[in-house]
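*Asks:* Let's see this in three dimensions:
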Amino acid sequence: MGLLARRGAAPIAAPSRGSPLEQFGLSGVKTESAPLVEPYDAVQFTEDLARIEALPRRAPEPVAFDAHRLKRMNERCACAAMGRKCITELLPIQAWALNEGSVGQGVLGPIGVGHGKELLGLLMPMVVPNCKVAVLFIKPSGRKQLLEQDIPLYGQHWNLPNLAGGRYFTGGRPVLHVMAYSELSHAKSTAALERIRPDLIIANECQEIARDSVRTGRVRRYFDKYPNTRACAWSGSLSKRSLKDYWHLSAWSLKLGSPLPLSKTVVEEWAAAIDSVGRTALWAKPMGALSRLCEPGENARQGFQRRLRETPGVVSTTESAIPTSLVITQRDPGPQPKAVHDALRKLRGPNGVSMLNRKGELEEPDQGDWCRPDGEVLVEVAAVAECARQLASGFYYQRTFPRKEPPKLIDEWLKRRSEWHSEVRGKIRRREVHLDSLALCQHAADRYLADYKGPLPVWQSDTWEAWKEIADQVEPSKKAVWISDWLLEDAAGWLAKHRGICWVDFVSFGERLAQVTRADYWTGGDEASDRVNAAVRTRCKKSVIASIAARGTGTDGAQFLWADQLVAHPPASGDLWEQLLGRLHRIGQEADEVTTEVYLHSAEFMQGFKRAIEDCRYRHETLGNVQKLGYCTLNLSV
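*Replies:* I've put the predicted structure just below:
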């Protein structure tokens, strides 16, 4: 029985029996009744809440959309030659989103992986009224595949916008610019949106511009200057763990029709009542005035979710895109070797505690050595947690200085680098134009030293000159030191018996596993995209090793080849799991079942996995969409 069930909590949803939410005791939350008199620290009534309360409501269900004018009559397509199936019909969620966009408003979409967001992004400019120029933001690793594979594939059966820089132009259609999110981070792209001047911005996998970042700040400045610009934003990981992840995306997309506050101060207050706080979801702030969004018996999350999903312009997936079942099973690698056990105990401290608390958050133990096997004492808790994941895999990274610089020089180099990075972090937080990235701050500091008098900003840095003087005098590196091949051998055994993908988080582990098994090691991006497309064309089903760091992107098409996978290093993030599982569990998968085995033998692995389940629960309770970790069948041995 889960912790919440023992406390008498009522269920909030209808997860299937044996779902991860139930197994971890996360299937319900305590209902919070509105007090007769709101306490002072409760959520207060504001103009934002009054606006949201007055927004129209509609049934949160897909609606029909006449896609006839978008279809292209093509009896002799090249889809089969590309190793793909013809895509001639829209999925319900695609039709729903296009219908919302066709009435002239933006779209906010908690849309899960595998629901055809790529085609949706290409068709949206064709239905938004009076759209002339659109920008489609995508992850950098998917740009080549979109341009070279997806657009030619979808263009066989659908009328698409004119591609900026493309070979063909059809009058009367909007122009679509495809940009990678990473381009927003480049110093040379500071004014990229200003040059293009889009009237529609489409953000696929929009978590890439969630929260505050350089790229988010540049998009925000464009909307501040051109507030009438329409926007569509969707992702299977719209929110990580807070309303603050996407309130600005909702404002850009739905304007005054946003179901989230437009004031950052009000968002902070709502987040204190709604956001995830540990496994029990006991909120730090009473919901107070948020009870106005709730029906009798509902808590703040339930009332907010219903208000969100019933808002015009919001489209949300509530079920799997395919009927294929998804099973996740814990894999036992066998007894932990003494060398690994001793190294972890030394790292964690005398009491052998994990670096993660029950909430899955990094936490300093009461006492501990924090010492790597090579004797180096770590000073940051994040570094300790990362080292523990490495040791649980049979190795650790040791910093080296191959050029053999003098120890005093190395110490001074580390000191000055730390001071420079600390100062830059403070500068970037201000989000000033031409001063919102490391490279731009460096250029501004150089201009100050050169007594620059031009139009660009200068910055009188306290640490840049000292760091610049020594930066090139030390060249650090790192090497993997192996203490056990136990996990490596078990993963190699899985690859020998299965045809599928082995996902790894550490490059050294992936490279050595590839050497042992002679399997291909895909690190993501264009290389992985080319390889998977070649494999699809030849129907080659040889097992591969793939990088989790690439989040599985660049491997679209893997579902045509495999239905089995092993996760050697489980992520502690729900959005990473959604992307990873979605490589095989997506449209085009012909198997009746996709099976995933995962190593959970380490406390860090298990607690990180539980944190990912909590992420899934938070999105389910606040957005209404169910992610793959929420509806899979989970088999744990502990």
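*Asks:* sec struct for the residue nearest to the spatial centre of the chain, please.
*Replies:* Central residue of the chain (Cα atoms, centre = their mean): Asp575, 4.4 Å from the mean position. The assignment at Asp575 comes out as helix when based on DSSP: H, G, I helix; E, B strand; the rest coil.
*Asks:* residues contacting it?
*Replies:* By Cβ atoms under 8 Å, 6 or more residues apart in numbering, the residues touching Asp575 are Gln207, Gly236, Ser237, Lys240, Asp615. C-beta here means a position set from N, CA and C on the backbone, and glycine is covered the same way.
*Asks:* between the residues you listed, which is closest to Asp564?
*Replies:* Nearest to Asp564, judged by Cβ to Cβ, of those is Gly236 at 21.8 Å.
*Asks:* Pull out the buried positions in stretch 48-65.
*Replies:* Neighbour counts over stretch 48-65 (16 or more other Cβ atoms under 10 Å) mark Asp48, Leu49, Ile52, Leu55, Pro60, Pro62, Phe65 as buried.
*Asks:* quick one: the third one and Arg292 touch, right?
*Replies:* It refers to Ile52. No - counting by Cβ atoms under 8 Å, Ile52 sits too far from Arg292 to count as a contact (9.2 Å).
*Asks:* hang on, the earlier thing: can you pull the pLDDT of the residue nearest to the centre of the chain?
*Replies:* Asp575 carries a pLDDT score of 81 in this model.
*Asks:* circling back: okay, the contacts of Asp575 in TSV with distance to Arg425, secondary structure and neighbour count next?
*Replies:* Below are the contacts of Asp575 laid out as TSV (distance: Cβ to Cβ, whole Å; DSSP: H, G, I helix; E, B strand; the rest coil; neighbours: other Cβ atoms under 10 Å):
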residue	distance to Arg425	secondary structure	neighbour count
Gln207	22	helix	21
Gly236	30	coil	25
Ser237	25	coil	27
Lys240	21	coil	18
Asp615	26	helix	27
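*Asks:* where's Asp564 relative to Gly500, distance?
*Replies:* 3 Å (Cβ to Cβ, to the nearest Å).
*Asks:* So for the two, which residue has more residues nearby?
*Replies:* Neighbours per residue (other Cβ atoms under 10 Å) separate Asp564 from Gly500, with Gly500 holding more: 23 against 19.
*Asks:* what's the more buried one in contact with, if anything?
*Replies:* Counting by Cβ under 8 Å, 6+ apart, Gly500 has contacts Ser543, Trp562, Ala563, Asp564, Gln565, Leu566, Leu584.
*Asks:* which among those residues gets closest to Leu184?
*Replies:* Leu584 (30.1 Å).
*Asks:* so which helix or strand takes in the closest one?
*Replies:* When elements are assigned from DSSP states H and E, Leu584 belongs to no helix and no strand.
*Asks:* how near is it to Val544?
*Replies:* Taking Cβ to Cβ, one finds Leu584 at 12 Å from Val544.
*Asks:* Give the residues shared as contacts by the two.
*Replies:* Ile501.
*Asks:* and Thr400, what are its bridge partners?
*Replies:* Note on Thr400: beta-bridge partners Ser477, judged by DSSP bridges.
*Asks:* list the contacts for it?
*Replies:* Counting by Cβ under 8 Å, 6+ apart, Thr400 makes contact with Pro476, Ser477, Lys478, Lys479.
*Asks:* Double-check the first one against Arg399; I have them as touching.
*Replies:* Yep, that's Pro476 we're talking about. Yes - using Cβ under 8 Å, Pro476 makes contact with Arg399 at a distance of 5.9 Å.
*Asks:* And the strands in the stretch 451-600 of the chain?
*Replies:* 477-482, 500-504, 520-522, 544-547, 564-567, 593-599 (DSSP state E, counting those that start in this stretch).
*Asks:* could you say what helices and strands the fourth one packs with?
*Replies:* Helices and strands in packing contact with strand 544-547 are listed as strand 500-504, helix 507-517, strand 520-522; criterion 3 or more Cβ pairs under 8 Å, 6 or more residues apart in numbering; DSSP states H and E.
*Asks:* Walk me through which strands that strand pairs with, and which way each runs.
*Replies:* strand 500-504 (parallel), strand 520-522 (parallel).
*Asks:* With mean pLDDT and distance to Ser253 as added columns, please give the ones you listed in CSV.
*Replies:* What follows is the strands paired with strand 544-547, written out as CSV (pLDDT from 0 to 100; distance: least, Cβ to Cβ, whole Å):
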stretch, mean pLDDT, distance to Ser253
strand 500-504, 93, 32
strand 520-522, 87, 34
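*Asks:* Of these, which is nearest His248?
*Replies:* That would be strand 500-504 among the strands paired with strand 544-547, by Cβ to Cβ, at 31.7 Å.
*Asks:* which residues are in contact with the helix or strand Pro125 falls within?
*Replies:* Element membership for Pro125, per DSSP H and E: helix 117-127. Here helix 117-127 makes contact (Cβ under 8 Å, 6+ apart) with 70, 87, 90, 94, 97-98, 101-102, 107, 109, 111, 131, 134, 136, 138, 142, 146, 150-151, 154, 158-161, 173-174, 176, 200, 202, 204-205, 232, 234-235, 556.
*Asks:* before we move on, back to that, quick check: which of the strands paired with strand 544-547 is nearest to Leu440?
*Replies:* That would be strand 520-522 among these, by Cβ to Cβ, at 33.2 Å.
*Asks:* roughly how far out does that closest one sit from the chain middle?
*Replies:* Averaging C-alpha positions (Cα atoms, centre = their mean, to the nearest Å) puts strand 520-522 22 Å from its chain's average.
*Asks:* helix/strand/coil for Ile328?
*Replies:* Ile328 ends up strand, using three-state DSSP.
*Asks:* still on that earlier bit, arrange the strands of the stretch 451-600 of the chain in a markdown table, one row each, with distance to Arg416 as further columns.
*Replies:* What follows is the strands of the stretch 451-600 of the chain, written out as a markdown table (distance: least, Cβ to Cβ, whole Å):
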| stretch | distance to Arg416 |
| --- | --- |
| strand 477-482 | 19 |
| strand 500-504 | 35 |
| strand 520-522 | 36 |
| strand 544-547 | 33 |
| strand 564-567 | 40 |
| strand 593-599 | 40 |
